[in-house]
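**Student:** I would like the atomic coordinates for the input below:
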Amino acid sequence: MPELPEVETVRRGLAPVMEGRRIARLTQRRPNLRYPLPEGFAERLSGRRVLRLTRRAKYLLIHLEGGEVLLVHLGMSGRFTIHQGEAVPKRPGLFHYEVPDGAPEAGTGKHDHVVFDMEGGTRIVYCDHRRFGFMDLIGEAGLEESKHLALIGPEPIGNEFSAEVLVARMATRKSPIKSVLLDQRTVAGLGNIYVCEALFRSGISPKREASSIGRERVERLTRAIRDVLGEAIEAGGSTLRDYAQADGELGYFQHRFQVYDREGDLCSKPQCGARVKRIAQAGRSTFYCPKCQR
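**Tutor:** The predicted structure is shown next:
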């Protein structure tokens with residue numbers, strides 16, 4: 001599932017072709033994704049101008065004139081592709097776990113479920129093979145209190161996130177720190193990849209009880225979370241292959257993984273000598289160094 005850096009990459013890729021432009025026509029190819037699409041979805045979006053694109057946690061937020069917001073969650077396989085005339089289609093945010101491309105002709109594939117035809121001729125296609133993604137229309141005034149966002153914790157790259165905040169949110173949590181960080185009520189947007197990486201950088205075992213971690217170590221963890229997310233955003237998200245963002249720059253963060261998906265490899269920290277282990281926690285693979293992380 002895409003994590004915060006990947007969704008931010010998608011936002012940055014779509015913003016230049018959507019912000020300030022009108023959705024000339026929206027085509028809805030099925031009544032539902034993971035959940036039913038809003039009633040009158042295509043009619044309510046066609047003709048509306050996009051004011052700006054923002055992100056909250058793993059949600060892409062498309063703010064529309066008239067006071068509504070199109071909230072998009074990519075699920076496990078949701079992808080946007082930008083088609084501009086004869087130019088090679090661009091897909092902002094190719095991720096660590098990839099899915100097959102859509103149909104060669106924009107918007108005609110069996111998994112091309114929602115098509116945005118923007119004024120000026122750009123076509124943006126939302127393709128979702130597994131249909132675990134979803135879209136909803138929400139009034140701007142009630143966005144933060146909506147069922148999707150009401151319980152989400154602070155943004156980890158925002159000013160509201162700090163060691164003090166994390167200490168308070170972990171104080172009574174008896175679960176492993178890995179599980180607590182994956183809980184979106186603790187902190188927004190973190191997923192399996194970046195939690196593994198941040199715990200490795202801060203030297204904390206993913207099995208350690210959250211409430212048992214001292215203030216000094218939480219300080220290191222907070223910095224590690226910020227650093228790993230910042231580096232991934234700068235690199236353009238995580239993918240197993242090099243790819244061009246909408247501006248043509250390549251993303252290489254997958255080459256910087258220090259523990260994720262590196263089971264059996266030597267620890268990347270000098271003079272450690274241990275090998276990366278993989279365990280299962282709550283049905284998810286956890287990668288860590290048993291020597292460096294305590």
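
**Student:** Show the pLDDT at residue 244.
**Tutor:** Looking at residue 244, its pLDDT is 39.

**Student:** Same question for the one 5 residues further on.
**Tutor:** Taken from the predicted model, the pLDDT recorded for residue 249 is 46.

**Student:** repeat for residue 256
**Tutor:** Note on residue 256: pLDDT of 76.

**Student:** same check, this time on the one 3 residues further on
**Tutor:** Here, the pLDDT recorded for residue 259 equals 95.

**Student:** Tell me where the stretch 151-294 of the chain has helices.
**Tutor:** 163-170, 177-182, 192-202, 215-235 (DSSP state H, counting those that start in this stretch).

**Student:** What are the structural domain limits within the protein?
**Tutor:** 4-142, 163-246+254-288 (automatic domain parsing).

**Student:** so can I have TSV of the ones you listed showing mean neighbour count and distance to residue 148?
**Tutor:** Where you see a C-beta, it was placed from the backbone N, CA and C, and this is true even at glycine. As requested, the domains of the chain are arranged in TSV below (neighbours: other Cβ atoms under 10 Å; distance: least, Cβ to Cβ, whole Å):
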stretch	mean neighbour count	distance to residue 148
domain 4-142	18	6
domain 163-246+254-288	18	10
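
**Student:** okay if I get these as TSV plus distance to residue 149?
**Tutor:** Conversion of the domains of the chain to TSV gives the following (distance: least, Cβ to Cβ, whole Å):
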stretch	distance to residue 149
domain 4-142	6
domain 163-246+254-288	9
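
**Student:** ok, how many other residues are close to residue 2?
**Tutor:** Using other Cβ atoms under 10 Å, residue 2 has 28 neighbouring residues.

**Student:** If we ignore the residues flanking it in sequence, what's nearest it?
**Tutor:** residue 74 (5.0 Å; Cβ to Cβ, 6 or more residues apart in numbering).

**Student:** for that neighbour, what are its contacts?
**Tutor:** Going by Cβ atoms under 8 Å, 6 or more residues apart in numbering, residue 74 touches 1-2, 6-7, 10, 58, 60, 128, 133.

**Student:** run the last query once more with 10 Å
**Tutor:** Residues in contact with residue 74, defined by Cβ atoms under 10 Å, 6 or more residues apart in numbering, are 1-2, 6-7, 10, 58-60, 80, 93, 95, 126, 128, 132-134.

**Student:** cool, and residue 148?
**Tutor:** For residue 148, the contacting residues are 56-57, 59, 61, 71, 73, 134, 136, 138, by Cβ under 10 Å, 6+ apart.

**Student:** Among the residues you listed, which one sits closest to residue 203?
**Tutor:** Set against residue 203, the nearest of the contacts of residue 148 by Cβ to Cβ is residue 57 (26.2 Å).

**Student:** which residues touch the closest residue to the closest one other than its chain neighbours?
**Tutor:** Distances taken as Cβ to Cβ, 6+ apart place residue 188 nearest to residue 57, at 3.7 Å, with adjacent residues excluded. With contact taken as Cβ under 10 Å, 6+ apart, residue 188 is in contact with 4, 55-59, 149, 152-158, 160-161.

**Student:** still on that earlier bit, can you redo the helices of the stretch 151-294 of the chain as JSON lines with mean pLDDT?
**Tutor:** Formatted as JSON lines, those follow (pLDDT from 0 to 100):
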{"stretch": "helix 163-170", "mean pLDDT": "97"}
{"stretch": "helix 177-182", "mean pLDDT": "97"}
{"stretch": "helix 192-202", "mean pLDDT": "96"}
{"stretch": "helix 215-235", "mean pLDDT": "94"}
